[in-house]
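Chemist: Return atomic coordinates for the entry below.
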Amino acid sequence: MVALCDKEGGEVLDEEAIHELVHKYYTALYTQPRVSLAKMSEQEKAFTLIDRLVLEEENRQLIEVPIAEELRDTINDLPLNKSPGEDGLPVEVLSELSEVITPGCLEFIQEAWCTKSTMRVPS
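Modeler: Numbering: from 1, shown residues only. Have a look, this model is predicted:
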């Protein structure tokens, strides 16, 4: 490398100075700015307490193909007495028919999961 421009637009020619400039640039680029706790909202403070690392066991659970029990549990956990979603079906219908619709829905979900493709349902 022959020359670089510094922040002010000046030319840096010295090899050692170029090395230092590149080091400072990438250090700043990949270093998260420190934020004062006093400036954070309560929610942001709470998030600082959560470990961002996903452990091996957690990762294994997250990438497993969904099973019928999970789908039924999800349907049963949906809040009742709410407006229908975009599909127009109230949760009560899904809940009442969960044993009937679970096999078809599960097949659709598992196929999408395994092929890593998404499908848009026409409106």
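
Chemist: got any ranges where the protein has weak pLDDT?
Modeler: For the chain, applying pLDDT under 70 flags the ranges 1, 32-33, 35, 37, 116-123.

Chemist: who does the helix ranked longest in it touch, helix- and strand-wise?
Modeler: Scanning the chain for the helix with the most residues, using DSSP state H, yields helix 98-115. Applying 3 or more CB pairs under 8 Å, 6 or more residues apart in numbering; DSSP states H and E, one finds that helix 98-115 contacts helix 68-77. C-betas here are computed from N, CA, C, even on glycine.

Chemist: Could you export the helix or strand that the helix it packs on is followed by as CSV, CA atoms only?
Modeler: Counting by DSSP states H and E, the next helix or strand C-terminal to helix 68-77 is helix 91-96. Presented in CSV, the C-alpha positions along helix 91-96 are these (Å, rounded to 0.1, in the frame of the first residue of the first chain):
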residue,chain,number,x,y,z
VAL,A,91,-59.0,-18.8,17.3
GLU,A,92,-62.0,-20.7,18.7
VAL,A,93,-62.4,-22.4,15.3
LEU,A,94,-58.7,-23.4,15.2
SER,A,95,-58.9,-24.6,18.8
GLU,A,96,-62.1,-26.6,18.2
